[in-house]
Every structure is written in C-alpha cells, then in structure tokens.
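>>> I would like to see how this sequence folds:
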Amino acid sequence: MADVTRLMRAAFDEKMQELGLTASTWRVLIYLRRSDGISQAALARLLDVSRASLGQIIDRLEKSGHVIRAEHSEDRRVWRVYLTAKARAMMPDVESKARSLHAKSFGKLAPKDYKQLSKILAELRDILVANESAV
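Numbers count the residues shown, from 1 in each chain. Predicted coordinates for the structure are as follows:
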C-alpha cells in the first residue's frame, strides 16, 4: 500500500507542476476545496503536518494569491483559511488531471476488482479509525 500511495502521489505531483503547484500546496488546496474556511490547526491535523509547517505552506499560498486567512469571528487565536477566486478557478484543471490519472491507473482494473478494492480499503479505514478512537 505504501508503494502504491507513493507512486500515485508522485504521478499527481508531476501533473500538478503543470499548474505551478508543489506537492505540499496542491494537497492544501484539495482539502480546502472540501472544507473551505477550516481552521489552520484542523487543516494541519487532516494533512498530518505540524502547525508550523502548514503555516509556511499557507504563507506561500497566500503570497501566490491562492488562499486568504481570516480571523475567527469568536476566537482571535484561530485563523480560518479560504480559497481565493484564483484557486477556485484552477480547481476544474486539478480535478481533470486527477480524473485522468485515476483512469490511467485504477481504470485499468476490471470494474469488479476496482469495486472490491474500494470496499476493502473502506473497511480497513473504518477499522483503523475505530481503533484510533478506542485508544
């Protein structure tokens, strides 16, 4: 699983370079696409990076005009991160490249095998999440 993940991420990194995004920046943008306005601390947890590392990535994305930070309305210690119009405009290209990579990799599997793989991975994820919660 680690090899497949590493190879998929490397292939996606290569595709994202065409859009001027690095490995760390495209991941942030993808997560913000799903949860725009998430706090910087929560985003760091989702990405499994330190808050300081994420802060540096957000700084770069802010300078390039892809994200903005805004103080939380009720807690000035919390910073929320939002996609800008520039980043939202490029998301269709990001998604198109992701679909293309998916088709070139997982699309080579027989439909029943892909369905089974997806089912097994979802079950494994649920087991690991349940075990994590139990600790």
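
>>> Could you use CA atoms for every contact and neighbour count after this?
Noted.

>>> mind listing what's buried in stretch 4-11?
Using 16 or more other CA atoms under 10 Å as the test for burial, stretch 4-11 gives no buried residues.

>>> oh, and call the first residue 6 from now on, that's how I've got it
Done: numbering now begins at 6, and the last item shifts to stretch 9-16.

>>> and that stretch, how far from the chain's centre?
What separates the centre of stretch 9-16 from the centre of its chain is 14 Å, taken as CA atoms, centre = their mean, to the nearest Å.

>>> Please work out which residues outside that stretch touch it.
Applying CA atoms under 8 Å, 6 or more residues apart in numbering, the contact partners of stretch 9-16 are L106.

>>> Swap in 10 Å and give it another go.
Identification of contacts with stretch 9-16 by CA atoms under 10 Å, 6 or more residues apart in numbering yields 6-8, 17-21, 28, 32, 103, 106-107, 110.

>>> Return the residues in contact with the residue nearest in space to the middle of the chain.
The centroid of the chain falls nearest to R32 when counting by CA atoms, centre = their mean (3.5 Å). When contacts are counted by CA under 10 Å, 6+ apart, R32 is found next to 14, 18, 26, 38, 52.

>>> about what we covered before: buried only: go through the contacts of stretch 9-16 for me.
Among the contacts of stretch 9-16, those classed as buried by 16+ other CA under 10 Å are 17-18, 20-21, 103, 106.
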